[in-house]
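Participant: sharing a sequence plus its predicted fold:
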Amino acid sequence: MMTINTNLAIEGYSLIVDKRTEKAFYAAESNRKFHRLADQWRSERRATSLVVDMAVHPAYQSIIGMGPTAVPLILHELRRSPDHWFWALRSITGENPVPEESRGNMREMAEAWLTWGAAKGYVD
């Protein structure tokens, strides 16, 4: 992880970075990393119906490795365009809000996760 020196001297000027600025920097970095990995995953995954093949892709695994930071980003993607993010969400959160009767229906699965995300404070 990149670190920020919170007291930098640049050409005789002192730059003090407050915690809000530091938090915004890390959020922006996480956002860029997520979108880079998601784009890579989408472009490199084979046309397959096997979820396990999609989920073992290195970019997808890196997204899972981002941990809870990735959850709101994944939920945003689900809202925008449902895709096979359910494995990642389940791996990161340890939860599965999808009712049995909705399994296999991508739109209903996305809605279940978005409802869960709203209840947990991840989405508005």
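Facilitator: Great, that's in hand.
Participant: quick one: the helices in this structure, in order.
Facilitator: 19-44, 51-55, 58-65, 71-80, 86-93, 106-119 (DSSP state H).
Participant: and of those helices, who's closest to residue 99?
Facilitator: helix 106-119 (6.6 Å; Cβ to Cβ). Using the backbone N, CA and C atoms, a C-beta is placed for each residue, glycine as well.
Participant: average pLDDT for that closest one?
Facilitator: The pLDDT scores in helix 106-119 average 97.
Participant: from the rest of the structure, what touches it?
Facilitator: 71-72, 75, 78-79, 82-86, 89, 95, 97-99, 102-103, 123-124 (Cβ atoms under 8 Å, 6 or more residues apart in numbering).
Participant: buried ones in that helix?
Facilitator: 109-114, 116-117 (16 or more other Cβ atoms under 10 Å).
Participant: out of these, which is nearest to residue 63?
Facilitator: Residue 63 lies nearest to residue 113 out of the buried residues of helix 106-119, by Cβ to Cβ, at 14.8 Å.
Participant: tell me how far residue 111 lies from residue 123.
Facilitator: 12 Å (Cβ to Cβ, to the nearest Å).
Participant: residue contacts, residue 71?
Facilitator: Counted by Cβ under 8 Å, 6+ apart, residue 71 has contacts 89, 92-93, 117, 122.
Participant: make that residue 35, sorry
Facilitator: Taking Cβ under 8 Å, 6+ apart as the test, what residue 35 contacts is residue 73.
Participant: ok, residue 89 next?
Facilitator: Taking Cβ under 8 Å, 6+ apart, one finds 71, 74-75, 95, 113 in contact with residue 89.
Participant: format those as TSV; extra columns: distance to residue 58.
Facilitator: Converted to TSV, those look like this (distance: Cβ to Cβ, whole Å):
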residue	distance to residue 58
71	20
74	17
75	22
95	24
113	23
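Participant: list just the nearest of these to residue 40.
Facilitator: residue 74 (14.9 Å).
Participant: now for that closest one, how many residues are close by?
Facilitator: 24 (other Cβ atoms under 10 Å).
Participant: neighbours of the closest residue to it other than its chain neighbours, how many?
Facilitator: Nearest residue to residue 74, sequence neighbours excluded (Cβ to Cβ, 6 or more residues apart in numbering): residue 85, at 4.7 Å. Using other Cβ under 10 Å, residue 85 is surrounded by 25 other residues.
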